[in-house]
Structures are given as structure tokens and as C-alpha cells.
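> quick one, structure for this:
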Amino acid sequence: MAVMSRVACAALLALLVMPAVALGQSLDEREFATLLGQAGQAYEEGRYAEAETLIQRGLRVALRFGPGDLRVGLAQRNLALLYRMQGRFAEAETQIRAARAIFDAGRGPDDLETAAIVNILGTVREDRGFVREAEGLYKQALSIREKYLDPDHPDIAWSLNNLAMNYRSQRRYGEAEGLLARALKIWERALGPEHPRVATALDNLGTTHRLQGKLTDAEAELRQAARIWERLGHPSQAVSLSHVAALLVDQRRLEEAETVATRAREIAERGLGAAHPATAASLQTLAVVYREQRRFDEAEPLFRRCVAALETSYGGEHMAVAMALDDWALMLRRAGRPNEAALLLERANGIRARAARLNPPG
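Numbers count the residues shown, from 1 in each chain. Here you go, the predicted model:
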């Protein structure tokens, strides 16, 4: 069963915000800082439409300082993070590339703020299928941060987390596990055990342990992540619950898996909308549960909705689409429809072949 862990990463990113309003700032500077601070709060609470409105207002204020002002780049960076969370990947890339141009000109390429932007660009490029290119961007950002920051700084952990997830997508599980464990320790010490970043690391480590067959560790980590998101009232709870359900399917605990997957779907649809990648992941997980219960008539509509949502967010050539098609094809084979299954597998294999050309080895 495939679970879209990059979607989980997308759902768990934290929005970078401006510092608090300081004395001596102009009215425009105060308005800009206030708007981005309010946007960050709205984002953390899952109020994405409100966050976008606030950031757009902040961008208009920033443009009063000139189109190349660093505040313009900061607003564009935050828009990119928000758009990525919403599955609007082309828009996210446009914004983060514009922000990088501003920071390269204003701060230079060897700067901590520039490193943050390079890190985000890596996540967006990986979302769009350019895995090896993303690895290079993550390493570039990590190198800059390690040059200037303490080894236990929370921003180091962000780079470690993203590089680990990239390694995992390349099936380099041992390397990924070590980086994720280090990121988790950094965030727990620096931010406390209930912070959203801790939940992010727990979810990513849990899904990695599942892939390694370390199911006891994986379940504990994923359930802990889901509890943190629930206490925070954040829709990313749906992502962690989908991962718990997938693990329960692995263990043939199908009745329990159905309960958890149904709850994940409800949370995702309510908090993120029907077309969001995390909602697609919850649909896929529940469809797989139904497939394993041989409830094929209930599974197939969910697979259709899942693939349609993924195509809307990622486009038709993304690996997440291929993994959903794989799961759907297995359902069709079990339902005695091998010709239809073969067509879906042919499409999935075509996506993989084209992705391999984008990411040659070496």
C-alpha cells in the first residue's frame, strides 16, 4: 500500500513570519510586520484563506518600499509556503523563485535568509517530481546554515528533515532515519514536546520506520504525532491518522484501520477541502481499507476522487498519482477486472519512466 509521505511533509510545514513589531518603525513597517504575524497565526490554526488574504495585504504594503525590497521577498516566501500547503505548486514555485531573486540580490547567496528560501525551493521542486535537483538544493541550504548556526539550532533541523525525506523518496531509508532522529531531538529540546515541528518529525520518522518494517516504533510515533496535532486543533491530524491507518492495514487490523481512516477523511475534508493532497491521501487510505475488506464498490469511487484530486494539485505526471493508480489497479485485479487494471498500471509505469528520466542516477 502506498501512502503519500511527501503530502504529509507538505501538510506539516510551518509558516515563517516576521519579527514582532518594534518601537521606531514607520507605520508601513509596523503594518507589514503585524499582517505577517497575523497570517502566521492563521496558518498555524489552519485558517488558510485568511492567511492568504493577510499575506497578500502584507505584500501590497511591502511594495511601497520598492519592488526589490527584502520585505517583498519575505511576503513572497510566505505565500510560497502557503500555496504549497494548499497544493498550488506552480504558484508556490513562482513566488519562491521571485523571493530568491530578491534575496540573492539584497543579501547574497551565502546568507541565512537565502538558505531558508533555497530550502523551500527544494521542497517545491521535489513536489513537482525533481527529486535529485531537490537533494542538491537541500544540501546547499544545510551547508549555509551549518556555517553560521549552532548544530542544535531549530533551522538546522528543518534542513535535516527535508533532506531526510528526500533520501526516503530515493529509498535511502537508513540515511533518512538518522537525519530524522537528529531533527526530532533538536526540536524537542529547543521547542518543547508539543510543538508542531515535533509532530512533523514524529510523523516523518514513524512513516520511515514503517517502510523499514519497524512497526511497533512506527505506530507509537504516528499516534503521538496525531495526538499533538489534535491538541493543537490542526488539520494535519488527518495526515498522521492516515499513516496510522496504513500501518494498521499492514498488520491486518482492518476494522480498527477503517475507523481511523474514516476519521482522517472527515478531518481532512472539513479542514483542508475536497481537492487538497492530504484529503486525497485520506481517500486513498480508506479506499485501500475497503479493498482489503473486499468492499470493491465502495473503494472504487474513493480511488477515482483521490486520483482526480492529486491530478488537480500535482498534475498528471507526479509519483503520487502513480502510487494511487497502483493501489486502484490492485483493487481491479481482485475484483476480476484485469484489463482495466492493466491500463492503470500502464499509465503508472509511464509516469515512473518519465520521472526516472528527470532524476538520473549519479
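> may I ask which helix or strand of the chain has the lowest mean pLDDT?
When the helices and strands of the chain are compared on mean pLDDT, DSSP states H and E, helix 5-12 comes out lowest with a mean of 37.
> and the next helix or strand past that helix?
helix 27-44 (DSSP states H and E).
> buried set for the helix or strand following that following helix?
Remark: after helix 27-44, the chain's next helix or strand is helix 48-62, criterion DSSP H and E. By 16 or more other Cβ atoms under 10 Å, the buried positions in helix 48-62 come out as 48, 51-52, 54-55, 57-59, 61-62. The C-beta positions use only the backbone N, C-alpha and C, and glycine is treated the same way.
> same thing with stretch 324-334?
Using 16+ other Cβ under 10 Å as the test for burial, stretch 324-334 gives 324-332.
> and the contacts of it?
Under the contact criterion Cβ atoms under 8 Å, 6 or more residues apart in numbering, stretch 324-334 has outside partners 1-2, 4, 280, 284, 287-288, 291, 294, 296, 299-300, 303, 306-307, 310, 338, 340-342, 344-345, 347-348, 351.
> how far does it sit from its chain's centre?
Its chain's C-alpha centre lies 25 Å from the corresponding centre of stretch 324-334 when counted by Cα atoms, centre = their mean, to the nearest Å.
> one more: stretch 286-303?
25 Å.
> what sits up against it?
Residues outside stretch 286-303 that contact it (Cβ under 8 Å, 6+ apart): 1, 245-246, 249, 252, 254, 257-258, 261-262, 264-265, 283-284, 306, 324, 327-328, 330-331, 334-335.
> distance between the ends of it?
9 Å (Cα to Cα, to the nearest Å).
> pLDDT score for A20?
Per-residue pLDDT puts A20 at 46.
> when you give positions from now on, start the count at 53
Yes, from this point I'll number from 53; that puts the last item at A72.
> for stretch 215-234, buried residues please.
By 16+ other Cβ under 10 Å, the buried positions in stretch 215-234 come out as 215-221, 225, 228-229, 231-232, 234.
> and stretch 106-114, average pLDDT?
When pLDDT is averaged over stretch 106-114, the result is 96.
> okay, the buried residues of stretch 376-386 in a markdown table with distance to G174 and secondary structure next?
A markdown table is the format used below for the buried residues of stretch 376-386 (distance: Cβ to Cβ, whole Å; DSSP: H, G, I helix; E, B strand; the rest coil):
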| residue | distance to G174 | secondary structure |
| --- | --- | --- |
| A376 | 24 | helix |
| L377 | 26 | helix |
| D378 | 26 | helix |
| D379 | 28 | helix |
| W380 | 30 | helix |
| A381 | 31 | helix |
| L382 | 32 | helix |
| M383 | 34 | helix |
| L384 | 36 | helix |
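> the contacts of stretch 338-355 in helices, which ones?
Per DSSP state H, helices hold the following members of these: 297-298, 301, 306, 309-310, 313-314, 316-317, 335-336, 358, 376, 379-380, 382-383, 386.
> pLDDT below threshold where in this structure?
Residues of the chain meeting the criterion pLDDT under 70: 53-76, 96-98, 139, 410-414.
> could you redo the last one with a cut-off of 50?
Across the chain, the ranges flagged by pLDDT under 50 are 53-75.
> in it, spot the helix with the most residues.
helix 390-410.
> just how off-centre is that one within its chain?
24 Å.
> my read is that A144 contacts V176, right?
Yes: the criterion here is Cβ atoms under 8 Å, and A144 meets it with V176 at 5.0 Å.
> what's the overlap in contacts for these two?
Residues touching both A144 and V176 by Cβ under 8 Å, 6+ apart: 132, 136.
> quick one, phi/psi of R159?
The phi/psi pair for R159 (degrees, to the nearest 10) reads phi -120, psi -20.
> same question, D202
Torsion angles, degrees, to the nearest 10, at D202: phi -60, psi 150.
> how far away is it from A209?
As judged by Cβ to Cβ, to the nearest Å, D202 and A209 stand 11 Å apart.
> related to what we said a few turns ago, go through the longest helix of the chain and flag the buried ones.
Here helix 390-410 shows 393, 396-397, 400, 403, 407 as buried, counting by 16+ other Cβ under 10 Å.
> which helices and strands sit right next to that helix?
Using 3 or more Cβ pairs under 8 Å, 6 or more residues apart in numbering; DSSP states H and E, the elements in contact with helix 390-410 are helix 183-200, helix 371-386.
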